[in-house]
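Chemist: I would like the atomic coordinates for the input below:
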Amino acid sequence: MSTIKTENPHVWFQAVKSSGQKLTLQSSLDYKSYPMGFEVNFSNSSTPADNTVTLYNLSDTHQNFFQKDEKCYLYFNWGSSKKLICEGYISKVGIGQSDGVNTTMTLTFTEGTDYSNVAARSLKVSKKVQKNKYKTVTVTTPGKYVRKREHYYSINKKGKRVGHYRYHTVYVKPKTKKKRVKTRVTATTTVNLAFRKGKTYKQIIQGVASQANIKIAKIDLAKNPVMKKSYTAKGKPLTLLAKLATKCSSVLTYEKGKLVIVNPKAKKKAWITITDKDLINPPTYSEDDTDSSSGSWEITTPLIPEITTFSGIKMDSKWLSGKFYVSAGQHTFDGDSPQTVCTIKNYG
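Modeler: Numbering: from 1, shown residues only. Alright, predicted model coming up:
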């Protein structure tokens with residue numbers, strides 16, 4: 001018996017303006033709502049996926065509601081309760097096109113927030129340092145009386161010239177001159193964000209993300225070693241975060257529109273069981289290009305909204321059995337047949 005109940009499919013698409021104004025469109029197969037289709041991608045990449053929603057026969061008011069950069073949410077479920085598939089921001093608003101019967105409008109939205117363009121300079125921090133500063137000042141020496149010695153000659157009784165000294169007091173006028181003076185001042189400069197040795201990788205990940213204003217919804221590290229020497233954060237923040245996650249045997253990726261760091265081998269809290277009744281096509285196998293001893297399987301099922309990257313899959317089929325995890329996939333709905341196609345790999 002199928003574990004997926006495939007009755008009464010519902011789709012909801014909601015857009016929210018910065019003012020808080022919302023528009024929610026609902027689609028079902030009862031022909032009393034707005035028909036729509038969608039294509040949602042997911043993978044273990046730190047670059048957000050581009051997804052599309054196709055809307056049909058909207059009024060001009062509804063068409064004009066959608067604008068670039070609006071927050072949006074896409075939900076699907078077999079039934080009337082919402083289950084989130086993905087959230088993000090509208091990146092392109094297509095022009096409504098008519099075939100004489102229906103008017104079609106396609107919206108493209110980027111999963112979550114794209115942080116790939118956050119510049120390396122965002123990791124610069126202010127630091128106060130002591131510096132030498134030189135300035136030229138005018139110094140005036142006050143006038144004063146000084147005793148001066150004067151040399152003079154006289155003729156003695158024998159007719160010879162004899163030298164003598166005598167003293168008298170003279171006044172020396174005030175003098176003004178330029179002088180270069182060195183001082184120590186406190187200056188503010190910018191340096192790369194740095195961490196002392198002894199910090200854990202998780203602390204560094206949190207520090208880099210905070211400084212770059214990157215929101216990570218969840219951090220689940222397979223291991224969390226301590227830095228044995230100081231660490232300076234250089235380069236684009238998203239690239240650094242992905243590398244730091246890899247050092248912890250974890251992956252920086254998106255999960256239904258939220259940027260997360262996950263442990264691919266973490267113990268799964270829930271498993272999605274797939275039986276022969278659930279499979280639309282038999283699983284297909286692909287060898288790993290870098291490792292012939294391992295590979296992946298591609299399975300196609302009715303749409304399962306719970307499935308996303310690293311979801312746990314328990315296969316109970318005559319073609320394939322065991323525990324797997326999802327590495328990539330796609331949810332699609334053409335208005336008639338909601339499907340999930342995903343790539344699964346051996347768990348453990």
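Chemist: just the buried positions in stretch 14-31, please.
Modeler: 14, 15, 25, 26, 27, 28 (16 or more other Cβ atoms under 10 Å). (Glycine included, C-beta is placed from N, CA and C.)
Chemist: what of stretch 192-211?
Modeler: 193, 195, 201, 202, 204, 205, 207, 208, 209.
Chemist: same question, stretch 324-337
Modeler: 324, 325, 326, 327, 328, 329, 330, 331, 332, 333.
Chemist: who touches the strand or helix carrying the third one?
Modeler: Think residue 326. Element membership for residue 326 (DSSP states H and E) is strand 321-333. By Cβ atoms under 8 Å, 6 or more residues apart in numbering, the list of residues contacting strand 321-333 from outside reads 9, 11, 36-44, 76, 85, 264, 268, 271, 296-297, 303, 305, 307-315, 338-348.
Chemist: now that strand: average pLDDT?
Modeler: Averaging pLDDT along strand 321-333 gives 94.
Chemist: same question for stretch 178-196.
Modeler: 87.
Chemist: kindly report the same for stretch 39-46.
Modeler: Stretch 39-46 comes out at a mean pLDDT of 93.
Chemist: now, which of the buried residues of stretch 14-31 lie within strands?
Modeler: 14, 15, 25, 26, 27, 28 (DSSP state E).
Chemist: gap between the fourth one and residue 76?
Modeler: Same thing as residue 26. In this view, residue 26 and residue 76 are 11 Å apart by Cβ to Cβ, to the nearest Å.
Chemist: overlap in contacts, those two.
Modeler: 10, 11, 12.
Chemist: bridged to residue 165, which residues?
Modeler: With DSSP bridges as the criterion, residue 165 is bridged to residue 151.
Chemist: surely it and residue 150 touch.
Modeler: Yes. Judged on Cβ atoms under 8 Å, residue 165 makes contact with residue 150 at a distance of 6.9 Å.
Chemist: so can I have a markdown table of the buried residues of stretch 14-31 showing distance to residue 236?
Modeler: Converted to a markdown table, those look like this (distance: Cβ to Cβ, whole Å):
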| residue | distance to residue 236 |
| --- | --- |
| 14 | 32 |
| 15 | 30 |
| 25 | 37 |
| 26 | 40 |
| 27 | 39 |
| 28 | 43 |
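Chemist: residue 184: which of those is nearest?
Modeler: Comparing these against residue 184 with Cβ to Cβ places residue 15 closest, at 58.0 Å.
Chemist: so, low pLDDT: which residues of the stretch 151-300 of the chain?
Modeler: 289-293 (pLDDT under 70).
Chemist: please, where are all the strands along it?
Modeler: 161-172, 175-192, 194-195, 218-219, 231-232, 251-255, 258-262, 271-275, 281-287, 295-302 (DSSP state E, counting those that start in this stretch).
Chemist: could you give the angle of the strand holding residue 326 to strand 258-262?
Modeler: With axes from the mean of the first three to the mean of the last three Cα atoms, to 10 degrees as the basis, strand 321-333 and strand 258-262 are set at 170 degrees to each other.
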